[in-house]
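Q: need coordinates for the below:
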Amino acid sequence: MNGTLAIVLTVIAVAAVMTLILKKYNPVLVFTVAGIALLLIYTAITGTSVLGDDTSGSAVLDVFTYIGTATKKQLSGVGANLMIVAAYAMFMSHIKASDRLAYAMTKPLAKLGNPYLILGAVYLAGILLKMMITSHAALSLLLFATTYPVLLRLGVDKLSAAAALFLSGSMDWGVNDGACIFGAETVLGISVFEYFSKYQMIPAVANIAVTCIIIMVYFRYKDRKSGSGKAVDIADNEMPEEVRKLPAIYAVYPAVPLVLVIGFSLFTDIKMDVFAANVIGSAIVLISEAFRLKSFQAVSDELAQIFKGMGSAFANILSLIIMGGVFAQGLINLGGINIVFNALGNIENAAFFVILALSMLGFFGVMVLGSGNATWMAFGNLIPDIAAKLGVSAAAFAIPMQLSASIGRGLSPVSSALLAVTGAADIQMQDLIKRCVVPIVCGEAAMFIASYITLAL
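A: Prediction:
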């Protein structure tokens, strides 16, 4: 295919996809149509089957066969892990174990005394919870219910309190997060524990440290400057009855898969698969529920919730991964991406600018779309080819892009978590976004610098 034509088609395809998604078209539908169109164009121009030697005999039919092949591949690998992880998270929310964990972790923080020290500690507790409660909106609302009244009583302004709770869930990290599982198994081809411990941890911790310091210092400055943040008289933050009646051990259950994956990886030679860890966790909880509820029918209904969660994950997450991958494959087949990055490979410090560009794509993509998955899972597939062209580790591109595609969510006016928190706190959306700009931008910068130093140099 002519090089100029390949680049033009690539630019048109990317621009068309981003425009349609911005106009609120379903990303799965957009990626499906665009991916099929690109593969058909490639087939028509080159006369080559996208399946190569495995062709069915019809190059056009092979385009649709490729989608089936991609679906089966994802279901047998990362797809299964994503479905069980999402299902377990939904199960924990359904039985209120996630609420029990949130109360257990955040209640003691009120004893620290200094309001802004507590604010920083709440943020740290929340960011640790994010590894177990992977939904940003769900985590923010859980923290809101458990700690927001306490923070107000201690004299923290409601805008600063809401911002800290919101920020605690705005980074996707850990071994149980769908974006990380995709990055590990699909983009880098490694275990999710290796992805987290070897590559993601240092950049993530750099972001956390800077964000936490700014929350404690900058939020205190803003509250003092505005004259807000005086202690108010508000009812005690009591644990709801449906949460209190759960045995204390239920606070541990959301962390079981995380503990199993990390524990086996660190202390044994046995490799604990993410899917197996979540199945074991589900089995433990179902046995506990059988003793607690003393009803076989009730436990059967809860088992059905797990399978319902897996189906929901397929519809909402896995379909996006599959069709995003089809779209990415179409871009790769056109050859425009290879031409651009072959040219960049001859430029001094090209890797730095490409890593920066991919990070900004993730950061601004999630700001506009409200979800980092659409950008990350569509363009993350391109990273191995880009890294090979530039002679740099794929992790140097993947980690900052993946983390950026979640950090930027804190500045997105269409983020479900932001909408939930502003509604619950009765504050203006633009005010919350303005309060979050400094910690998010500084945290993003710290993450990028740490990523580049540890992964690219």
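Q: C-alpha only now, for contacts and for neighbours.
A: Noted.
Q: in what helix or strand does the residue sitting furthest away from the middle of the chain lie?
A: Of all residues in the chain, residue 57 sits farthest from the chain's C-alpha centroid, using C-alpha atoms, centre = their mean; the distance is 40.2 Å. Taking DSSP states H and E as the definition, one finds residue 57 inside no helix or strand.
Q: per-residue pLDDT, it?
A: The pLDDT attached to residue 57 in the predicted structure is 82.
Q: check the one 10 residues further on too.
A: At residue 67, the predicted lDDT confidence score is 88.
Q: OK, contacts around it?
A: For residue 67, the contact set (C-alpha atoms under 8 Å, 6 or more residues apart in numbering) comprises 322, 323, 326.
Q: please redo it, this time with the cut-off set to 7 Å
A: Applying C-alpha atoms under 7 Å, 6 or more residues apart in numbering, one finds that residue 67 lies in contact with residue 326.
Q: any low-confidence regions in the stretch 301-450 of the chain?
A: Low-confidence segments of the stretch 301-450 of the chain, defined by pLDDT under 70, span residues 316-317, 337, 341-342, 344-348, 372.
Q: contacts only, for the residue farthest from the centre of the chain.
A: With contact set as C-alpha under 7 Å, 6+ apart, residue 57 has no partners.
Q: give me the phi and psi for it.
A: Recorded main-chain torsions at residue 57 are phi 110, psi -20, according to degrees, to the nearest 10.
Q: now do it against residue 49, distance only.
A: 9 Å (C-alpha to C-alpha, to the nearest Å).
Q: likewise residue 406?
A: Residue 406 is 36 Å from residue 49, by C-alpha to C-alpha.
Q: and those two? Which one has more around it.
A: Ranked by neighbour count (other C-alpha atoms under 10 Å), residue 406 and residue 49 place residue 406 first, with 27 against 23.
Q: thought that one was touching residue 173?
A: No - contact criterion C-alpha atoms under 7 Å: residue 406 and residue 173 do not qualify, at 9.1 Å.
Q: picking up where we left off before, I'd like to know how far the residue farthest from the centre of the chain sits from residue 22.
A: When C-alpha to C-alpha is the yardstick, residue 57 and residue 22 sit 38 Å from each other.
Q: and what of residue 32?
A: Counting by C-alpha to C-alpha, the gap from residue 32 to residue 22 is 16 Å.
Q: with residue 280 instead?
A: When C-alpha to C-alpha is the yardstick, residue 280 and residue 22 sit 40 Å from each other.
Q: please apply the same query to residue 218.
A: Distance of residue 218 to residue 22, computed by C-alpha to C-alpha: 33 Å.
Q: which of those two has more residues huddled nearby?
A: More neighbours surround residue 218 than the other of residue 218 and residue 22, with 18 against 14 (other C-alpha under 10 Å).
Q: okay, now the nearest residue to residue 7 once chain neighbours are set aside: neighbour count?
A: With C-alpha to C-alpha, 6 or more residues apart in numbering as the criterion, residue 7 has its nearest non-adjacent residue at 4.2 Å, and that residue is residue 336. For residue 336, the neighbour count with other C-alpha under 10 Å is 22.
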